[in-house]
Structure formats: C-alpha cells, structure tokens
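[1] show me the folded form of this:
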Amino acid sequence: MNLRQLEYFVAVAEERKITTAAKRLNITQPPLSYEVSALEKELGVKLFVRRPRGVDLTDAGRVLYARATTILGLTESAAREVADVGLGREGTLAIGIISSSGGQVPNDRMRALAEDYPRVSLVLNEGNTYEVLEMLRRRVVELGVVRTPFAGEGLECRYADPEPMVAVIPRGMSCGERADVVGLEELSAAPLVIYRRFEKILERLFAQAGLPEFVACVNDDARTTCAWACKGLGVGLVPESFLELMSLEGATVKRVDEDSLVTRMAVVWPKGRDLSPLAERFVSMFEAAYAPEAADGDADGDAADDGASDGDAAAR
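    Numbering: from 1, shown residues only. All right, here's what the predicted structure looks like:
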C-alpha cells in the first residue's frame, strides 16, 4: 500500500464514480481501476460495492477512508513544512476556521503575525465548527477557530467574550416595537431564518417560554442566513460580530433580548498536544485581544452551550 494508491482510493471514495475520479486525478480509467483492485487484493477485503451508477464504500472502505485522509493530510503538511524550511520561511501554521469568525478573527493584534513573522505562511482550512474539530482530530490543522456551542471534552479552549445574537429584519418586514431590541415573544410571531448551529437551542428556548416557533429556512452557514433574510425569506438570527462581513441591503438589525442566547468564539486544540511556537503566538494574540483571563475548560461555560450535545446531532 503506497501513497499513490491511497490518493486514488480517496478520489474514488469522494467522487463515487471511477470515471469522475479519473478526471479529477488527470489519469485514464484503466490504471485507476487497476490500482484500486490491487489495493483490495493486498488488503484482502472489498473496499467498494460496485453499482450501476457508481460505487459505495463498504464498512472496511469507510475505515480506510478515515485513515487515508489522515495519512494524506499529514504527508501534505510534512511536505509543506519541509518546503518552507528550504525556502527560508519561518514556519507554516494550519488553522481550521469557521465562516462566522471574520468579525473577530483576524483582529488588529494579529497584524503582528505579519510584522514580527514576515515570512510566515497561514493555511486556512474552512468548515463549520464540527468539521473544524474533525480536522483537529485528524491532525490536518494545528489550531481550530470555532464557535460555541460545541463539545469541548478533550480540548484546550481559549474563549473570546460572549456576544449576543441579533435579528436581521428584511426591508418591508416589521418585528418588534422597540427600535434596537427584539424579544423571544416578538420573534415567535415572525418567520425565522437560522443556521443549524442554533436550531436545537432556539427550539428549546421557545419551548421553555411556551411560545410557538416557525422556522421558514434552516441552513448551514451564517452567510446564507443573512443573504436569505435580506431577500425577504424571514428574520435571520446570527452572531452580532458577523454583521461586519455582510452587506445587509437595507435590513434592520436588532439585538435579541435573551440572556441565554449568546455565543463565543474560541481557539481550540487537543489536550496533551504540544503546540508549535507559531501556534502559541497565535493563541496568545487571540487571548490578548479578547480573553485576557481565559481559562481552560470545556464549552459548557456559556448558557447557550447547554445545547452542545444537541448540536452534535446537527453537525452541519
């Protein structure tokens, strides 16, 4: 079993078709089929179930896929680090980062990364919080920038200050009588546009208050929430800092008047894993900007984090 075979296997596993995987790899189909068959023969198991419209992974194939992506990720990271040394760079830092981080990360203090480390290379791997945590587990990235709620067991966590959620109310739609604040009862009367991170939390809050809830649109990204809300699909709920990244097309923004509906940014990494000097510098800059007295712990520090286990079921 070699790296080329693993690369070919991962391509087929992700594309689900030999022909599509071959195009992705810029090779013809016969050598790809041969290498996959040789890998199955070497391991003594079937990795794929062949179907008329493509292939599916077997149980053994799913195990190999998890290991293969880790191995290939480590190989790529090792090659990148060696190349950086050869080119005279001071280091490469791979970070997993979520889309709603842009309002807080990077920040002004992190400009020192460029000033003090002028030849540093940052590799940003984007995904939602649970995808970033999986990148950490597989060692594809060294640090993760995520948002509560998340299950923090086994992680070192450095938190930013809590921030409220805000309601993005499209032009022509009214929600609440106050100019800059809206409550749960007022939101209960409106169609909501939310992203899955907060689906269970909102469901629980409305239920506890004895209020009905109508979700007009649920999605996987704060950017999508804002975009669809601005187009009139409903009232979007997003973290306050995220608004710095969006053009709201005349929408009205009001803070959600609910103390338990807050969220926090966090920089995380697995407990017991030593950080590189560059990663330590990144963490210290994050702490200095947002959490000078941040303490270790899991993600249960926020009231909104009570939904961490619920959120795991809605990982996207």
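[2] quick one: the strands in this structure?
    48-51, 54-57, 91-97, 120-126, 143-147, 155-159, 163-169, 181-182, 191-195, 214-219, 235-239, 252-256, 262-263, 265-270 (DSSP state E).
[3] which residues does L43 contact?
    If a contact means C-beta atoms under 8 Å, 6 or more residues apart in numbering, then L43 has M1, A60, L64 as its contacts. C-beta here means a position set from N, CA and C on the backbone, and glycine is covered the same way.
[4] buried subset of those as a ChimeraX selection?
    The ChimeraX selection below is limited to those of these classed as buried (16 or more other C-beta atoms under 10 Å):
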select :64
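[5] from the contacts of L43, which is closest to V215?
    L64 (38.3 Å; C-beta to C-beta).
[6] could you measure from the closest residue to the closest one other than its chain neighbours over to Y34?
    Take L64 and drop its neighbours on the chain: the residue closest to it by C-beta to C-beta, 6 or more residues apart in numbering is L47, 6.2 Å away. Distance of L47 to Y34, given as C-beta to C-beta, to the nearest Å: 14 Å.
[7] in terms of pLDDT, where does A279 sit?
    As predicted, A279 sits at a pLDDT of 86.
[8] go on, V267?
    Residue-level pLDDT assigned to V267 equals 93.
[9] contacts only, for it.
    Applying C-beta under 8 Å, 6+ apart, the residues near V267 are L143, G144, V145, C157, R158, F282, V283, F286.
[10] 7 Å - rerun?
    V267 sits next to L143, V145, R158, V283, F286 when contact means C-beta atoms under 7 Å, 6 or more residues apart in numbering.
[11] who does it form a beta bridge with?
    V145, R158 (DSSP bridges).
[12] so in this structure, which helix runs the longest?
    Using DSSP state H, we find that the single longest helix of the chain is helix 59-86.
[13] any stretches of this protein with poor pLDDT?
    Within the chain, the ranges that satisfy pLDDT under 70 run 81, 83-90, 100, 102-119, 245-246, 290-316.
[14] go through the contacts of V267 and name the one nearest L211.
    V145 (33.3 Å).
[15] who's in contact with the closest one?
    I95, G96, I97, I98, S101, V105, M265, V267.
[16] I'd say the fifth one and T263 touch.
    So the one you mean is S101. No: contact criterion C-beta atoms under 7 Å: S101 and T263 do not qualify, at 11.4 Å.
[17] which residue packs closest to A60, ignoring adjacent ones?
    V45 (4.3 Å).
[18] separation between A21 and N125?
    22 Å.
[19] quick one: which of these two has more around it?
    A21 (24 against 15; other C-beta atoms under 10 Å).
[20] send the alpha carbons of stretch 251-267 over as CSV?
    Taking Å, rounded to 0.1, in the frame of the first residue of the first chain, the C-alpha atoms of stretch 251-267 are listed here in CSV:
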residue,chain,number,x,y,z
ALA,A,251,-32.3,45.3,6.5
THR,A,252,-32.9,46.4,10.1
VAL,A,253,-30.7,44.9,12.8
LYS,A,254,-31.9,44.4,16.4
ARG,A,255,-30.2,42.7,19.3
VAL,A,256,-32.1,39.7,20.6
ASP,A,257,-33.1,40.4,24.2
GLU,A,258,-32.4,36.9,25.6
ASP,A,259,-29.6,36.5,28.1
SER,A,260,-29.2,32.8,27.4
LEU,A,261,-28.9,33.2,23.7
VAL,A,262,-25.2,34.1,23.4
THR,A,263,-22.2,32.6,21.6
ARG,A,264,-18.4,32.9,21.9
MET,A,265,-15.5,32.4,19.6
ALA,A,266,-12.8,30.0,20.8
VAL,A,267,-9.4,28.9,19.7
